[in-house]
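Chemist: Everything below, folded, please.
(one chain, ligands or ions: 1)
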Amino acid sequence: MNRLWGTTAALVLFGALAACGTQEAAAPPVATPKHGHSAAEEKPLPLRDGERFVTLTMPEPYTPKGPNGGSDDYRCFLIDPGTEGSGFLTGAQFQPLNTAVVHHAIFFRLSPEQVAEAKKMDTAAPGQGWTCFADAGVREAGWVSHWAPGTTETLLDPKYGHPVPPGSQLVMQVHYNTRAGSGPDQSAIRLRVSDKQLEPLSTALFPGGVELPCTAEESGPLCERGAAIQDIGRRFGPESQATPDGLAQMCGAAEPGPTQHCDIPVRRPGLLHALTGHMHLLGRSIKVELNPGKAEARTLLDVPEYNFDNQALVPLATPVKVGQGDVVRVTCTHDAKLRSMLPQFEKEEPRYVVWGEGTADEMCLGVAIMSA
Ligand SMILES: [Cu+2]
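Modeler: From the prediction side, this is the model:
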């Protein structure tokens, strides 16, 4: 994983980022759409020189059930790409089967050593796969693909690809939400694999904090920040509980309010190829900038009207070089008023919203595809 930050807080945080939670099924302010198959059923873009498609399906069906009485279940499944699936990934399209429960998926690459670690977790956990709220459960697993509503296959310059050397496997992390549906799922992913030797890609994450108090009209025990953070811990465990304060430490404590930003120093030079922004249902806008306030400032991603159902990667017109001394700023605006307008929140108590994996929680995340 190409991390552009390196504090201890960020390391703790990374887990929660990877889980990249609550892909609830709607964009404010419209009602829940039945997302999923529309994207997957689109005719795939044609294969380019040296490419082939390899479709991998979950070996067995899995019936999601959120632990601790919750409706959010994060489950990781080990998927073996075999010889056919090794090479360089130049594209991927997740194919959700039970779209009533599948809310998002992230794919991580595991080296042969990491595969052994993952297999232990898989064996130890009853049923198919293992619970993985925080991350794939394997440190340094490389993020190679993600799917959220609106994510279709994004093809970059064919010179680049995510390496999947022989013996590697993929972890498919699926966020299931059982609020609007139930039943088993057996989703798949169609990989676009190149047999050429390509320049390796990696994924960089730019997180910002969320400190969104209840509105003036709302009240309740979870409107208190400490209580809201404890509630995150109850639902998703101690690593998730530590994330809001980890972010505050990393980004600098900010006044609570709808708009928050975080400046992240670039620690590893590289080329940025494409970006997307991720928030949940209360998200209004997200922006990712390079070196704000400086002469060479530029906007890398600007989503003035965030739509949960369009989280597709946006390729940059030309790759942007970043290096040491550069700063990436992510700025997010959330709107607590949306809580009283969206049907997804009908059964939710008002709360002080911080970073978390669940329906009622939020994120503020820039995702960037990079090469060295
Ligand atoms: Cu999320």
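Chemist: Which parts of the stretch 251-372 of the chain are strands?
Modeler: 259-265, 270-278, 283-290, 298-303, 314-322, 327-334, 365-371 (DSSP state E, counting those that start in this stretch).
Chemist: ok now the last one, how far from the chain's centre?
Modeler: If you compare the mean C-alpha spot of strand 365-371 with that of the full chain, they lie 11 Å apart, counting by CA atoms, centre = their mean, to the nearest Å.
Chemist: and it, C-alpha only, in PDB?
Modeler: Written as PDB, here are the backbone C-alpha positions of strand 365-371 (Å, rounded to 0.1, in the frame of the first residue of the first chain):
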ATOM      1  CA  LEU A 365     -11.500  10.200   1.800                       C
ATOM      2  CA  GLY A 366      -9.600  10.900  -1.400                       C
ATOM      3  CA  VAL A 367      -8.500   7.800  -3.200                       C
ATOM      4  CA  ALA A 368      -5.700   8.200  -5.800                       C
ATOM      5  CA  ILE A 369      -4.200   5.700  -8.200                       C
ATOM      6  CA  MET A 370      -0.400   6.300  -8.400                       C
ATOM      7  CA  SER A 371       2.700   5.000 -10.000                       C
END
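Chemist: Sheet partners, orientation included, of it?
Modeler: Strand pairing for strand 365-371, determined by DSSP bridges: strand 199-207 (antiparallel), strand 270-278 (antiparallel).
Chemist: quick one, which of these is nearest to residue 98?
Modeler: Nearest to residue 98 among the strands paired with strand 365-371 is strand 270-278; the distance by CB to CB comes to 22.2 Å. C-beta: built from backbone N, CA, C; applies to glycine.
Chemist: What mean pLDDT does the closest one get?
Modeler: Here strand 270-278 scores 95 as its mean pLDDT.
Chemist: what comes into contact with that strand?
Modeler: 2, 20, 148, 151, 154, 156-157, 160, 201-202, 204, 286-288, 300-301, 303, 306, 311-316, 319-322, 330, 332, 363, 365-372 (CB atoms under 8 Å, 6 or more residues apart in numbering).
Chemist: tell me the domain ranges of this protein?
Modeler: Here the domain parsing of the chain from automatic domain parsing is 8-199, 205-371.
Chemist: For those, give me a markdown table that also has mean neighbour count.
Modeler: Listed next are the domains of the chain as a markdown table, based on neighbours: other CB atoms under 10 Å:
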| stretch | mean neighbour count |
| --- | --- |
| domain 8-199 | 19 |
| domain 205-371 | 19 |
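Chemist: Where does the stretch 101-250 of the chain get nearest to the ion, which residue?
Modeler: For the stretch 101-250 of the chain and the ion, the shortest gap (CB to the ion) falls at residue 104, measuring 7.3 Å.
Chemist: what about that residue, which SS state?
Modeler: strand (DSSP: H, G, I helix; E, B strand; the rest coil).
Chemist: before we move on, what about residue 78?
Modeler: Of the three states, residue 78 takes strand according to three-state DSSP.
Chemist: Hmm, residue 289 and residue 299 touching each other?
Modeler: Yes: here residue 299 lies in contact with residue 289, judged by CB atoms under 8 Å, at a distance of 5.3 Å.
Chemist: Comparing the domains of the chain, which yields the minimum mean pLDDT?
Modeler: Of all the domains of the chain, the minimum mean pLDDT falls on domain 8-199 (a mean of 82).
Chemist: Where do the helices of this protein begin and end?
Modeler: Secondary structure of the chain (DSSP state H): helices at 8-19, 37-41, 112-124, 225-236, 238-251.
Chemist: Need the residues that contact stretch 190-199.
Modeler: Contacts with stretch 190-199, where a contact means CB under 8 Å, 6+ apart, come from 44, 47-56, 81, 84-93, 95, 153, 155, 158-161, 163-164, 371-372.
Chemist: Also within reach of the ion: list those from those.
Modeler: Checking the contacts of stretch 190-199 against the ion by CB under 5 Å from the ion, not one of them is in range.
Chemist: measure stretch 138-154 end to end?
Modeler: 26 Å (CA to CA, to the nearest Å).
Chemist: Kindly apply the preceding question to stretch 44-51 instead.
Modeler: With CA to CA as the measure, stretch 44-51 spans 13 Å from end to end.
Chemist: for stretch 346-361, same thing?
Modeler: Note: stretch 346-361 ends 14 Å apart using CA to CA.
Chemist: Is the ion within reach of that stretch?
Modeler: No: Stretch 346-361 is not in contact with the ion by CB under 5 Å from the ion; minimum separation 6.7 Å.
Chemist: Distance check, the spatially closest residue to residue 372 that is not a sequence neighbour against residue 304.
Modeler: Nearest residue to residue 372 in three dimensions, chain neighbours excluded: residue 270, at 5.4 Å (CB to CB, 6 or more residues apart in numbering). Distance, residue 270 to residue 304, using CB to CB, to the nearest Å: 27 Å.
Chemist: for residue 43, same thing?
Modeler: Using CB to CB, we find residue 43 at a distance of 31 Å from residue 304.
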